[in-house]
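Engineer: From the sequence below, what's the structure:
(6 chains)
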Number of protein chains: 4
Amino acid sequence: MSETYREQKEYGNRTRTAHRDKRRHSLVLATYQLIAEKGFEQLRTRDVAARAGVNIATLHYYFASKEDLIPGVVDHLLHEFSTVPTSLLTMNDTTPLGQIRAMFLTTHHSFQEKPEIFIVLSELVLRSLRDASLRPALQRLDCGWHGYLQHVVMDGVYQGVFRADLDPEDMATKVIILIKGFLFHQITSPGAIDFQQLLNDVEHLLLS
Amino acid sequence: MSETYREQKEYGNRTRTAHRDKRRHSLVLATYQLIAEKGFEQLRTRDVAARAGVNIATLHYYFASKEDLIPGVVDHLLHEFSTVPTSLLTMNDTTPLGQIRAMFLTTHHSFQEKPEIFIVLSELVLRSLRDASLRPALQRLDCGWHGYLQHVVMDGVYQGVFRADLDPEDMATKVIILIKGFLFHQITSPGAIDFQQLLNDVEHLLLS
Amino acid sequence: MSETYREQKEYGNRTRTAHRDKRRHSLVLATYQLIAEKGFEQLRTRDVAARAGVNIATLHYYFASKEDLIPGVVDHLLHEFSTVPTSLLTMNDTTPLGQIRAMFLTTHHSFQEKPEIFIVLSELVLRSLRDASLRPALQRLDCGWHGYLQHVVMDGVYQGVFRADLDPEDMATKVIILIKGFLFHQITSPGAIDFQQLLNDVEHLLLS
Amino acid sequence: MSETYREQKEYGNRTRTAHRDKRRHSLVLATYQLIAEKGFEQLRTRDVAARAGVNIATLHYYFASKEDLIPGVVDHLLHEFSTVPTSLLTMNDTTPLGQIRAMFLTTHHSFQEKPEIFIVLSELVLRSLRDASLRPALQRLDCGWHGYLQHVVMDGVYQGVFRADLDPEDMATKVIILIKGFLFHQITSPGAIDFQQLLNDVEHLLLS
DNA sequence: TATGAATGAGTTTTCATTCAT
DNA sequence: GATGAATGAAAACTCATTCAT
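Structural biologist: As a prediction, this is how the structure comes out:
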């Protein structure tokens, strides 16, 4: 086997793998979007295949069953969370309070621009009540978020900017709860409260 | 037509109506329970009928379609909310702060004893994204809750127990958000925070 | 509940059950026929439903799955075997040799008139290699047949008509093997041998 | 075109053909094995390709369709029959009775060592009821077997070892029927009778 | 009122086969 | 020659709904 041939073959493998990943991703993305639009209740493999622009049999070529699409959706969701644009503005302020503010702003921004993130997350959270396999990923998501906040709060306390008697772990949880509550409340009663006000209260709890 | 006959007929109508309501309610209850257990995704009319102990055709005698069961479920949910046991403890303390505490305690108690209330509510909230007919009822629920809290906060401010600069409307919303956030967070990260701590923070916001 | 009503109801139950049994039987019969015509390989639920004159969903109303039809087919086959017309001619001769002759004649007659019996049996025998659940019924069939033959041979030996040194159990098995072999051989090489000749040889083994 | 080139090309053609035959054979062998294991009912081209270690598309490169594999399977079966190890024992005794004994022993041995031969044969026999194209090969198999036995019986009669009144053709058929019956009976009632006993009876019919 | 039976329209999944490279 | 990708057609099975009684 000549070098050239081997190279071609390896290149071929690479493109093949790339193509495969692309297809799988487009199917997962279609699933993700359809869950956001119609919920798990109305999720149909044929709709997924149609949106991905492939035959229904092609879907099953890449994913053995409908259920097998879900882990991919979870991964995609996690990825969406991790790639929230740590926006330009916020990069300036690296103080603990600045970090908190930045987190609020980016969360709010994400919710405005990509509300499907929160919708799919909610669907998955409810589904996790019956499907234990979803729990680890969702917990990991919470943990990562919580860990980051806890770290920021500790920093703030250490630097003397935040109240000395704060329990960083509890405080982080409270911030998460506040944001989750806000987002969930928005569905039924949109515009009931300003995100900014929420931030004010958090600052009040942190500083006063 | 004799008096006696008319009476019998009216009596018959009354029992007939009562029986009809009973059947309808048992079907709605079965639906409510199955949504809590399996979600809308896995809700099947046959399962509903089976749990209510009637034939699938009987279900359709009382409810023209599957969708027609949902308004009943919403009503049942609202009823469940309204009949939360205004527990012994809470009756004692009629001060604004006592009322807030009571609300937290009863909410927590309900969640412990009847978690399906919150699960079904969440399912309905998510569904309301696609089914506009659900929104009014859910908004009414939020409004009632909000109105009550707003009233209590106003009382507290008026009585001088709460901070004078509080905006009762915002404060009520914040309390709701906090509770919703707590309950939703419990699904993924149970035991992350104590409900009591939440109450402390609310008190802190109200009093300090 | 009046006697009359109860009777009506019981009568209703009886007709309902009868109807149910009829439908189930017609579906099993259709399956049986289609296995005989096309083999397990080409057995399709839609064909079964079509031949029974019902919707495919009706088939699943009576039988949860395709596999669930098979026990019914086995039962039907066993019934077909048991209702082989113990033909008029044969009833005359009740001697052991007459019984043996009768069995040969009726078997031959069945094979001529209802070859599907043997075809379905063969399909089931081959399938039993992979589906253990079929074995008991097939063994019961063999056992019943073998028991009868063994009994006849013993009678013949006891009456001094058959050779005294015969082992009834072995002899019965040999007769069965001979008939099975004949029937199976007929498929590939029809008319290779006369059934009467086979009987002659059996008589030779029994008497000489 | 130089001599050298032509030679290379011819050599290439030869290896190419050899390779082609090898591939085809491995696919046929895989089919043969899978029929023995799972029956025609569960025969899948993907499984065949997988067992042969090639891609499903490669299978269709060598065999236009699934059906086209079957003639190969028949050929393989015929070959398996013809290559039954004419075992050590049998080579000694060249008398007609010895030949019959040898045939029984080798058949029995084959059935013990390679039961798939008989299973696949049975599957093919049943299939031949619907697929006429299978019949010639199966009949050829029977004919060859029958011809050999007929020849041996004639020899025995001619040599005066066997009964003079034997009809070699019928006798050969009877032996085949007995063996087919035995093998088929073994599936449902294994161990019901000893192969040796069968041989004894055959000898009884031949000699007495 | 109540129900067993029945079904049309889907739903997921399978499979032999084809295509582009 | 060989393969990964893709697919049309069909497979089993499901489900809300209707019908006859």
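Engineer: Flag the shaky bits of chain A, pLDDT-wise.
Structural biologist: By pLDDT under 70, the weakly predicted segments of chain A are A:1-12, A:84-91, A:208.
Engineer: Closest residue of it to DNA strand F?
Structural biologist: Going by CB to the nearest atom of the strand, DNA strand F is nearest to A:Ala57 of chain A, at 2.7 Å. Where you see a C-beta, it was placed from the backbone N, CA and C, and this is true even at glycine.
Engineer: Beyond whichever strand or helix holds that residue, next helix or strand please.
Structural biologist: Assigned by DSSP states H and E, A:Ala57 belongs to helix A:56-62. For helix A:56-62, the following helix or strand on the C-terminal side (DSSP H and E) is helix A:69-82.
Engineer: tell me which element A:Ile177 falls in.
Structural biologist: Element membership for A:Ile177, per DSSP H and E: helix A:168-188.
Engineer: returning to that earlier point: distance of the residue of chain A closest to DNA strand F from A:Ala49?
Structural biologist: Using CB to CB, to the nearest Å, we find A:Ala57 at a distance of 8 Å from A:Ala49.
Engineer: Ok, A:His204 next?
Structural biologist: Using CB to CB, A:His204 is found at 51 Å from A:Ala49.
Engineer: Who has more neighbours out of those two?
Structural biologist: Neighbour totals were compared for A:His204 and A:Ala49, and A:Ala49 leads with 20 against 12 (other CB atoms under 10 Å in any protein chain shown).
Engineer: Assess the claim that that one and A:Phe63 are in contact.
Structural biologist: No: look at A:Ala49 against A:Phe63 with CB atoms under 8 Å: they stay out of range, at 10.2 Å.
Engineer: does the lengthiest helix in chain A come close to DNA strand F?
Structural biologist: Assignment by DSSP state H gives helix A:3-38 as the longest helix of chain A. Yes: applying CB under 7 Å from any atom of the strand, one finds helix A:3-38 in contact with DNA strand F at A:16, A:19-20, A:23.
Engineer: Where neighbours are concerned, which of the residues you listed has the most?
Structural biologist: Using other CB under 10 Å as the neighbour criterion, A:Arg23 leads the residues of helix A:3-38 next to DNA strand F with 17 neighbours.
Engineer: Look up the closest residue to it, ignoring the ones flanking it.
Structural biologist: A:Tyr62 (5.8 Å; CB to CB, 6 or more residues apart in numbering or on different chains).
Engineer: tally of neighbours for that neighbour?
Structural biologist: By other CB under 10 Å, neighbour count at A:Tyr62 equals 19.
Engineer: What separation do you get for it and A:Leu78?
Structural biologist: From A:Tyr62 to A:Leu78 the distance is 20 Å (CB to CB).
Engineer: do the same with A:Phe111
Structural biologist: 17 Å.
Engineer: Next: A:Gln150.
Structural biologist: Where A:Leu78 is concerned, A:Gln150 sits at a distance of 19 Å (CB to CB).
Engineer: Show me which of these two is the more surrounded one.
Structural biologist: Here A:Gln150 and A:Leu78 are compared on neighbour count by other CB under 10 Å; more neighbours surround A:Gln150, at 19 against 16.
Engineer: measure the more buried one to A:Ala172 for me?
Structural biologist: A:Gln150 sits 4 Å away from A:Ala172, taking CB to CB as the criterion.
Engineer: residues contacting A:Met103?
Structural biologist: A:148-149, A:152, A:175 (CB atoms under 8 Å, 6 or more residues apart in numbering or on different chains).
Engineer: Would you mind writing the CA trace of stretch A:142-149 as PDB?
Structural biologist: What follows is stretch A:142-149 as a C-alpha-only set of coordinates in PDB (Å, rounded to 0.1, in the frame of the first residue of the first chain):
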ATOM      1  CA  ASP A 142     -26.400  22.100  38.100                       C
ATOM      2  CA  CYS A 143     -23.200  21.200  39.800                       C
ATOM      3  CA  GLY A 144     -21.100  23.100  37.300                       C
ATOM      4  CA  TRP A 145     -23.200  26.100  37.600                       C
ATOM      5  CA  HIS A 146     -23.300  25.900  41.400                       C
ATOM      6  CA  GLY A 147     -19.500  25.300  41.600                       C
ATOM      7  CA  TYR A 148     -18.800  28.400  39.600                       C
ATOM      8  CA  LEU A 149     -21.100  30.600  41.700                       C
END
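Engineer: What residues does the closest residue to A:Pro96 other than its chain neighbours make contact with?
Structural biologist: Setting aside the residues directly before and after it, A:Pro96 is nearest to A:Gly156 in space (CB to CB, 6+ apart), at 3.2 Å. For A:Gly156, the contacting residues are A:95-97, A:100, A:162, A:166, A:206, by CB under 8 Å, 6+ apart.
Engineer: Narrow those to just the buried residues.
Structural biologist: Taking 16 or more other CB atoms under 10 Å in any protein chain shown as the criterion, what is buried in the contacts of A:Gly156 is A:96-97, A:100, A:162, A:166, A:206.
Engineer: Out of the residues you listed, which sit inside helices?
Structural biologist: Mapping those onto helices (DSSP H) picks out A:96-97, A:100, A:206.
Engineer: Pick the one among these closest to C:Glu116.
Structural biologist: A:Ile100 (80.5 Å; CB to CB).
Engineer: you'd agree the closest one is up against A:Val152?
Structural biologist: Yes: A:Ile100 lies in contact with A:Val152 (CB under 8 Å); the separation is 6.1 Å.
Engineer: does chain B sit close to the helix or strand that A:Leu124 is a member of?
Structural biologist: Element membership for A:Leu124, per DSSP H and E: helix A:115-127. Yes: using CB under 8 Å from any CB of the partner chain, helix A:115-127 comes into contact with chain B via A:119, A:122-123, A:125-127.
Engineer: Quick one: residues contacting A:Arg24.
Structural biologist: Counting by CB under 8 Å, 6+ apart, A:Arg24 touches A:62-63, A:72.
Engineer: I'd like to know how far it sits from chain B.
Structural biologist: For A:Arg24, the distance to chain B (CB to the nearest CB, to the nearest Å) stands at 23 Å.
Engineer: Can you pull the phi/psi pair for A:Pro190?
Structural biologist: Dihedral angles of A:Pro190 (phi, psi; degrees, to the nearest 10) stand at phi -70, psi 140.
Engineer: what do you get for the one 4 residues further on?
Structural biologist: For A:Asp194, the backbone dihedrals (degrees, to the nearest 10) come out as phi -90, psi 140.
Engineer: same deal with A:Arg44?
Structural biologist: phi -130, psi 130.
Engineer: Could you find the closest non-adjacent residue to it?
Structural biologist: In this structure, A:Arg44 finds its nearest non-sequential neighbour in A:Leu34, 7.8 Å apart by CB to CB, 6+ apart.
Engineer: State the number of residues packed around that neighbour.
Structural biologist: Quick note: A:Leu34 (other CB under 10 Å) scores 22 neighbours.
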